[in-house]
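I'd like to go over a predicted model; first the sequence, then the structure.
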Amino acid sequence: MNIDDLVAIDVHVHVHADQHGHLALDDELSTAAAKYFKGDPYDPTVPEIADDYRKLRMAAVIFTVDAEAATGQPALSNEEIAGLAAQHPDVLIPFGSIDPARGKAGVRAARRLVEEHGVRGFKFHPSFQGFAPNDPRAYPLYEELEALQVPALFHTGQTGIGAGLPGGRGIKLRYSDPMLIDDVAADFPGLTIIMAHPSVPWQDAAISIATHKANVYIDLSGWSPKYFPPQLVHAANRQLKRQVLFGSDYPLLRPERWIRDFEKLEIADDVRPLIMKENAVRALGLGRA
């Protein structure tokens, strides 16, 4: 991957479909999510994601979410995603997803994914996976990620998964309160943590955590920039200008739409390249060609 040739690094890209026709979300959740994001369901495979991002001259951090224990929906294969990403190393950076409920088996799987399959980090969705990030039962997994020197990306705040459905399909938002991640950041200072999304309704908490903890970043995915809370824009321009990352939430929110709205945001000229690429280079531990 030639970092200098890229115009941006999108740190938040979902894989919704594998090569065998299996989907990460069932029909009800997929339809509800598309409605929430005001788009049509779009479930590209990894090679299709690579094509989309290559045309944009962007790199993409790709992942699925292992929520089988909480939802019963079989997870897409981390190994397959990593293997396909390896065929497109110019634009794709594979993350894995391990449900902390897997216990010791999950810890072993994480190491194997990094050492044998080239996975560069891990995605967690506490609300969808049904766990509190600061649950001590998840700590052996974080300890392993810290030892492997790979980032942990946590969904925070409101989620489009289950939105508008009765009971939100049982998905509990409180698990995605960023204050639960503050415990993790304090207890694992060597672990790079990315808090995904504007953390509505806990935006002030997320800003406070990232300001206080040098190992914490915020990605801006999942919301059109025109809806960003004003305090987030203020912090991105100032104290957090080196800790904020571009993320879209593709395929539910496409990078073209995100960037179009971001260009209208009052972000300082010297901060834009940090958000779009340079901060991600550092957070992800990427080298230059």
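That came through fine.

hey, which helix or strand in this structure has the poorest pLDDT?
Least confident helix or strand of the chain, by mean pLDDT, DSSP states H and E, is helix 27-36 with a mean of 76.

distance between it and the chain's centre?
19 Å (CA atoms, centre = their mean, to the nearest Å).

likewise stretch 191-207?
Distance, centroid of stretch 191-207 to centroid of chain: 11 Å (CA atoms, centre = their mean).

re the thing from before, give the other helices and strands that the least confident helix or strand of the chain contacts.
If you count contacts as 3 or more CB pairs under 8 Å, 6 or more residues apart in numbering; DSSP states H and E, helix 27-36 packs onto no helix or strand. Every residue, glycine included, has its C-beta placed from N, CA and C.

longest helix anywhere in this protein?
Determined from DSSP state H, the single longest helix within the chain is helix 103-117.

what about the helix or strand that comes right after it, average pLDDT?
Heading C-terminal from helix 103-117, the first helix or strand you meet, by DSSP states H and E, is strand 122-124. The average pLDDT within strand 122-124 is 98.

show me what strand 122-124 is packed against.
Packed next to strand 122-124, using 3+ CB pairs under 8 Å, 6+ apart, are strand 152-155.

parallel or antiparallel, list what pairs with the strand it packs on.
Sheet pairing for strand 152-155, assigned by DSSP bridges, gives strand 122-124 (parallel), strand 193-196 (parallel).

mind checking how far it is from the chain centre?
Distance, centroid of strand 152-155 to centroid of chain: 6 Å (CA atoms, centre = their mean).

could I have that strand exported to PDB, CA atoms only?
Taking Å, rounded to 0.1, in the frame of the first residue of the first chain, the C-alpha atoms of strand 152-155 are listed here in PDB:
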ATOM      1  CA  ALA A 152      -9.600  -2.100  19.000                       C
ATOM      2  CA  LEU A 153     -12.500  -0.300  17.400                       C
ATOM      3  CA  PHE A 154     -15.700   0.000  19.400                       C
ATOM      4  CA  HIS A 155     -19.100   1.100  18.200                       C
END
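
would you pull up how far whichever helix or strand comes after it lies from the middle of the chain?
Downstream of strand 152-155, the next assigned helix or strand under DSSP H and E is helix 179-187. Helix 179-187 sits 17 Å away from the centroid of its parent chain (CA atoms, centre = their mean).
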